[in-house]
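J.: Turn this into a structure:
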Amino acid sequence: MRKNVVTFEFVKYPVYSLKEHASHTFIREFAAVAAALVLLGIFTGWNFFLHERSVKKSPDKGDVSERDHYTDTAGWISRRLAFHDFEWGNPADTAAHLATHGHGGKQSFIMGAGVPYSPGLWTRFKDLNPGDSSWIRVTGFVWFSFPAAGLKCNLVATCNHKGLNYKYMFVDLGRENLKPGQWNKVGIDYRIPTPPDPEDVLQAYFWYRGGGEMLVDDINIEIFTPAKLKENHE
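T.: Numbering: from 1, shown residues only. All right, here's what the predicted structure looks like:
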């Protein structure tokens, strides 16, 4: 039987003085922090680039505020897809991005330069199976303290095919006559298009592009399906 033989190789390392060692340690730590900041900047910039590229190459360019309108919900069956009231988590944890000021509760979500996208809806068509005429309604409440003209934020509803948006619609909150210092309800209706691929994704979210901070709370997404369609399936 062959026995495993372990060999050791002694490597002679250079010896530094304490002063030189401290200097080299500082340089290594500084380089590590600088590298982390560079990687973070690249990650943020790359995500922003992908979002801009997706909007520019989408069939609906997304450069004009646009939404579908469904004022009468009679004859439709609604079902909630997502709801975010942000009552979870500890506001003292800065990574949670929560404020101790809410619309329907005690907390809300803080949006700013470092947090441009809110929680919302992300679901694949194959899991949703929306049918040919279903639509979603996205609502939420926003609070800000600066003049409304400086509110650079869109409420977005879109579909995504392999990284590119199509039927990209949004509401420009800066043009909605919202009032600073109070909670404002905003919303968008969006008819779900026929997807090229069942792996395509339906999305809805707030996209904040301004300075300072804005609070968002009670984000609600519902899907509306024709009642006749439900009757036919029963």
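J.: Now do the same contact list for Tyr208.
T.: By C-beta atoms under 8 Å, 6 or more residues apart in numbering, Tyr208 lies in contact with 111-112, 115-118, 152-153, 214. In short, each C-beta sits where N, CA and C put it, glycine included.
J.: filter those to the buried ones?
T.: Buried subset of the contacts of Tyr208 (neighbour count, 16 or more other C-beta atoms under 10 Å): 111, 116, 118, 153, 214.
J.: picking that back up, okay, and which of the contacts of Tyr208 map to helices?
T.: Counting by DSSP state H, none of the members of those fall within helices.
J.: What is the nearest of those to Tyr190?
T.: The closest of the contacts of Tyr208 to Tyr190 turns out to be Ser118 (C-beta to C-beta; 16.2 Å).
J.: how close does the closest one sit to Phe224?
T.: Taking C-beta to C-beta, to the nearest Å as the measure, Ser118 falls 22 Å from Phe224.
J.: can you check Ala148 too?
T.: 30 Å.
J.: more crowded one of the two?
T.: Using other C-beta atoms under 10 Å as the criterion, Ala148 and Phe224 rank with Phe224 on top: 21 against 15.
J.: Show me where this protein has its helices.
T.: 18-57, 125-128, 227-233.
J.: What about the residue nearest to Pro119 when sequence neighbours are not counted, how many residues nearby?
T.: Spatial nearest neighbour of Pro119, chain neighbours left out: His84 (4.8 Å); criterion: C-beta to C-beta, 6 or more residues apart in numbering. Close neighbours of His84, defined as other C-beta under 10 Å, add up to 19.
J.: And Val171, how far from Tyr205?
T.: Val171 is 12 Å from Tyr205, by C-beta to C-beta.
J.: so what's in contact with the two at the same time?
T.: With C-beta under 8 Å, 6+ apart, Val171 and Tyr205 have common neighbours Leu155.
J.: For the longest strand anywhere in the chain, enumerate the helices and strands it packs against.
T.: If you go by DSSP state E, the chain has its longest strand at strand 213-226. Applying 3 or more C-beta pairs under 8 Å, 6 or more residues apart in numbering; DSSP states H and E, we find strand 213-226 packed against strand 76-84, strand 108-112, strand 135-143, strand 201-208.
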